[in-house]
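In: following is a predicted model, sequence given first.
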There are 2 protein chains.
Amino acid sequence: MASSLLTRQLAISLQQNLRLAAPGSRYVSKTATKTVSEFEYDAPSMKTAVPGPKSQELLRQLGEIQNVGAVHFFCNYEESRGNYLVDVDGNRMLDVYTQISSIPIGYNHPALIKVMTNPNNVSAFVNRPALGILPPENFPDKLFESLLSIAPSGMSRVQTMACGSCSNENAFKSMFIWYRNKERGYASPSEQEVGTCMINQSPGCPDLSILSFMGAFHGRTMGCLAATHSKAIHKLDIPSFDWPIAPFPKLQYPLEEFVRENAQEEARCLEEVEDLIVKWRQKGRPVAGIVIEPIQAEGGDNHASPDFFSKLRNIARKHGCAFHVDEVQTGGGTTGKFWAHEHWGLDDPADVVSFSKKLLTGGYYHRDELQPDKPYRIFNTWMGDPSKNLFLLEVLNVIRRENLLEEVTRSGKALLQGLYALQTQYPHILSRARGQGTFCAIDACNDATRDSIMLKARNKGLFMGSCGEKTIRFRPALVFKEYHVHQLLNILNDILAEHK
Amino acid sequence: MASSLLTRQLAISLQQNLRLAAPGSRYVSKTATKTVSEFEYDAPSMKTAVPGPKSQELLRQLGEIQNVGAVHFFCNYEESRGNYLVDVDGNRMLDVYTQISSIPIGYNHPALIKVMTNPNNVSAFVNRPALGILPPENFPDKLFESLLSIAPSGMSRVQTMACGSCSNENAFKSMFIWYRNKERGYASPSEQEVGTCMINQSPGCPDLSILSFMGAFHGRTMGCLAATHSKAIHKLDIPSFDWPIAPFPKLQYPLEEFVRENAQEEARCLEEVEDLIVKWRQKGRPVAGIVIEPIQAEGGDNHASPDFFSKLRNIARKHGCAFHVDEVQTGGGTTGKFWAHEHWGLDDPADVVSFSKKLLTGGYYHRDELQPDKPYRIFNTWMGDPSKNLFLLEVLNVIRRENLLEEVTRSGKALLQGLYALQTQYPHILSRARGQGTFCAIDACNDATRDSIMLKARNKGLFMGSCGEKTIRFRPALVFKEYHVHQLLNILNDILAEHK
């Protein structure tokens, strides 16, 4: 099943690591220092329409087990390289969606294969520990080397989790616990609190709320879902909480051309935030925390200015609410800085920053005072997965070694300029190009046109994602270079030229 | 860092798999056919009190990053083998807690190391896919070979998830969706529903409930937590839902000696369940689903009879509620059958069965009609992790090859007999020995005595878990054999003999 290229690469890497090669062997692996361009493909290559016949047969098989309505096609991950995703019918596509923005440095990066083949790492994969009670010897070291080396300003504490939803759920819980401890003056909970919490009743389970924004996406477990307001299909039929929902600024793009109008819109939204905090306090459901994405992703790639976030952070402080920045999609370097909130230029940007996706492990950072006061308050069996931390450490090494944040800034600039050019050339089809780093997006005139462009692009070897109502979102890996940008723009241009 | 034994074992396995060995090499690996007793240690071996000095230093380091109040000690997973967990101070303990019951076939099982070193598997580890949109080629096959080969009676559909909480959250969501679809006669949702769900309001986010049981544990995300009622520390300060909570039978043990009394107690609880269903319907918060563990684990190892579960299943059916059996802790063979609910002898035991822990991947099975009607209703970025499915497949092979369910039945019988003997000998200290397979427990006279016994045992090389108020729970791996039982009983006996 594995391609001969991968097997060969792996064999070399294994021999190096295990020193199994016969003395005098001339194998000299350069896998670790190779850059992505040296091991990946040159361009897309299409053999069938997508999904091709093999994908369709597999779709039928999987359909007997699960709802497969969201499946695009089946992949040959062994053959995929760098920015190119290969499907089971042999089609090779330039992938600018990267598993919903969760592949940091491309497919089969040699540095990650090395993690797998290092015998020191085997035990981390086959013996998944309950990290909260029995961590492995190297756990503190690995946290310091990986997650803490990229900690947001003002944060020296981090809790790993298995996925983005668990990260946000537990971040919410930390905020609730912090808020109630503050309310009771850090005294022990009353007997009444301890008793009522066991039966889901107040005051033990208090009527607290999280303020979120219309268009937000924070996950799909029931706590996260109560703060998610991007699409009805996510929320329909699931019971929820009566939590306040503020408007997210609807800005005009390019941002620099509409500074005054956008500032007014942001002021309107901030005013509404303060009104809601007061209103919900009066209602008896005080806002314990505010949660926001630096760029609303699933909700349609909606941006706001550093000034907006800075003022929002101050509002949170003023009203005694924790401020939670959800960087699950924006984190990991895709905006040209490791965290999108770094663009705000704040020393104290947040109380909690959650992550997942490109970080490979979920989790959240928090300021010291958000740490739960007792064990088992934030807890579950696995609390993350140390094998993912090993991959993350290598991803960070590659980002530094290959200067990938600079690469992202450069490619992102080229991508956004190209999108501006396309919307100028096809103003009846495209508008509102926007982005930070390679975290870019553009709107089609309607959802049918957007969907049609995406399907045509896929058949020409360009795989993109959608978000919002009629938006195309670009989420390439950090190894996406200027020549990949040009491939992308050429394919898009061809499709738009043919578009009736 | 890796021990020489592990490295050697790995090197042999790699050479075999990659055929890197020089022609004529005499290496013949038997790792795959070795049973656990051939590669593990003989007995505990203690060098320091636990936690030892190295653990204490690491605890200090980790304490700068996280609350470490729940950490027992730091582990050397490379040196751990089979039933024996080795800590960083060189102490080797018989582990009958197994990472909160989540290690299926012991530490560093050769079969799992083989998974890691098979080059065909590398890609599954380094390219984690978004399974809901871009599954790998072998995904349906691997699901059929692994999870579907052990599907509960009446279930041919399975959805993987990353952890136990996500499994239960999504199982709850499936039940809510199913219930509302039924209520609206499978018509499309109204405009009002679509509109209100975006702002967390009814009817789009309906006032539905899940009926759970006092003492239950189903996880710690906010949906799961609303059905969890084991300990206040889990729930305090977290907002919750007004959902009905039924009493779980408080049985007398040994079960066979109190058949009549226990049947009465179970009848009382079942009556209460029906009352609650009616009451909550009248309240306008109908019960969409009932969730229950086959044995309440975290809540104190509380058992109920097959008759109770059979009747409860009928009550769910009668009132149109889905019936969700949470096998996160009981599943995977530890009761002597693969699923604990198999002991009930029902053809149609449940509508949903969730799992995690020993299955290495989270997820849930469900009957056909519980499948969501549209894509993206049950969805997230990763939806599990195919690399965990590879490990699971090998675990299932080992369970079959080594007849581990029979082993569990045999060891479990010896363990329970031994616990009966101990409680007869020390009736002032121990009582209520109970269990199914090796899923056993015994109560101490109070929590202080329980904790003291556990600490003393740890220092003598026996690592156990606790649950409920004063219970010791035994959760060994499936490779726990009769001679391990005797080691355990000998250590316990020594401690009890010394107990003032």
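Out: Cool, the structure landed. Residues are numbered from 1 along each chain as shown, chains lettered A, B, ... in the order given.
In: does anything pack onto the longest helix seen in chain A? Which helices or strands?
Out: Ordering each helix of chain A by length in residues (DSSP state H) puts helix A:259-282 first. Where contact means 3 or more Cβ pairs under 8 Å, 6 or more residues apart in numbering or on different chains; DSSP states H and E, helix A:259-282 is packed against strand A:209-213, strand A:245-246, strand A:287-292, helix A:306-318. The way it works is simple: take the backbone N, C-alpha and C, and place the C-beta from them, glycine included.
In: adding mean pLDDT, write the ones you listed out as a markdown table.
Out: A markdown table is the format used below for the helices and strands packed on helix A:259-282 (pLDDT from 0 to 100):
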| stretch | mean pLDDT |
| --- | --- |
| strand A:209-213 | 98 |
| strand A:245-246 | 98 |
| strand A:287-292 | 98 |
| helix A:306-318 | 98 |
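In: which of the ones you listed sits closest to chain B?
Out: strand A:245-246 (5.8 Å; Cβ to the nearest Cβ).
In: ok, back up a step: make CSV from the helices and strands packed on helix A:259-282 and add distance to chain B and mean neighbour count to it.
Out: Output for these, formatted as CSV (distance: least, Cβ to the nearest Cβ, whole Å; neighbours: other Cβ atoms under 10 Å in any protein chain shown):
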stretch, distance to chain B, mean neighbour count
strand A:209-213, 7, 26
strand A:245-246, 6, 20
strand A:287-292, 9, 26
helix A:306-318, 19, 17
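In: right, and the ones you listed - which one's nearest residue B:450?
Out: strand A:287-292 (35.4 Å; Cβ to Cβ).
In: what's the angle between that closest one and helix A:259-282?
Out: 150 degrees (axes from the mean of the first three to the mean of the last three Cα atoms, to 10 degrees).
In: pull up the pairing partners for strand A:287-292, direction included.
Out: Looking at strand A:287-292 with DSSP bridges, its partner strands are strand A:209-213 (parallel), strand A:322-326 (parallel).
In: tell me which residues are up against the last one.
Out: If you take Cβ atoms under 8 Å, 6 or more residues apart in numbering or on different chains as the criterion, strand A:322-326 is touched by A:152, A:168, A:171-172, A:174-175, A:178-179, A:210, A:218, A:288-294, A:312-313, A:316-317, A:341, A:349-354, A:370.
In: what angle do helix A:306-318 and that strand make with each other?
Out: Here strand A:322-326 runs at an angle of 140 degrees relative to helix A:306-318 (the same axes, to 10 degrees).
In: I'd like the average pLDDT over strand A:322-326.
Out: Mean per-residue pLDDT for strand A:322-326: 98.
In: return the set of buried residues in it.
Out: A:322-326 (16 or more other Cβ atoms under 10 Å in any protein chain shown).
In: give the contact list for residue A:299.
Out: For residue A:299, the contact set (Cβ under 8 Å, 6+ apart) comprises A:214-217, A:229-230, A:248, A:293, A:467-468.
In: so which of those would count as near chain B as well?
Out: Among those, proximity to chain B is found for A:214, A:229 (Cβ under 8 Å from any Cβ of the partner chain).
In: which one of the contacts of residue A:299 is nearest to residue A:145?
Out: Closest to residue A:145, out of all of the contacts of residue A:299 and judged by Cβ to Cβ, is residue A:293, at 27.6 Å.
In: excluding its backbone neighbours, what's nearest the closest one?
Out: Distance criterion Cβ to Cβ, 6 or more residues apart in numbering or on different chains; nearest residue to residue A:293, sequence neighbours excluded, is residue A:326 at 5.0 Å.
In: partner residues bridging that neighbour?
Out: Beta-bridge partners recorded for residue A:326 (DSSP bridges): residue A:354.
In: can you tell me how far it is from residue A:228?
Out: Using Cβ to Cβ, to the nearest Å, we find residue A:326 at a distance of 10 Å from residue A:228.
In: mind listing the shared neighbours of those two?
Out: By Cβ under 8 Å, 6+ apart, the residues touching both residue A:326 and residue A:228 are residue A:218.
In: shaky segments in chain A?
Out: Low-confidence segments of chain A, defined by pLDDT under 70: A:1-38, A:500.
In: can you map out the strands along it?
Out: A:84-86, A:92-95, A:157-161, A:209-213, A:245-246, A:287-292, A:322-326, A:352-355, A:362-366, A:430-436, A:439-444, A:462-463, A:465-467, A:471-474 (DSSP state E).
In: so which bits of stretch A:179-191 are buried?
Out: So, applying 16+ other Cβ under 10 Å, buried residues of stretch A:179-191: A:179-181, A:183, A:189.
In: turn these into a markdown table, columns for distance to residue A:425.
Out: Listed next are the buried residues of stretch A:179-191 as a markdown table, based on distance: Cβ to Cβ, whole Å:
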| residue | distance to residue A:425 |
| --- | --- |
| A:179 | 52 |
| A:180 | 56 |
| A:181 | 57 |
| A:183 | 58 |
| A:189 | 64 |
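In: which one of those residues sits closest to residue A:400?
Out: residue A:179 (37.5 Å).
In: leaving out sequence neighbours, find the closest residue to residue A:107.
Out: residue A:80 (3.7 Å).
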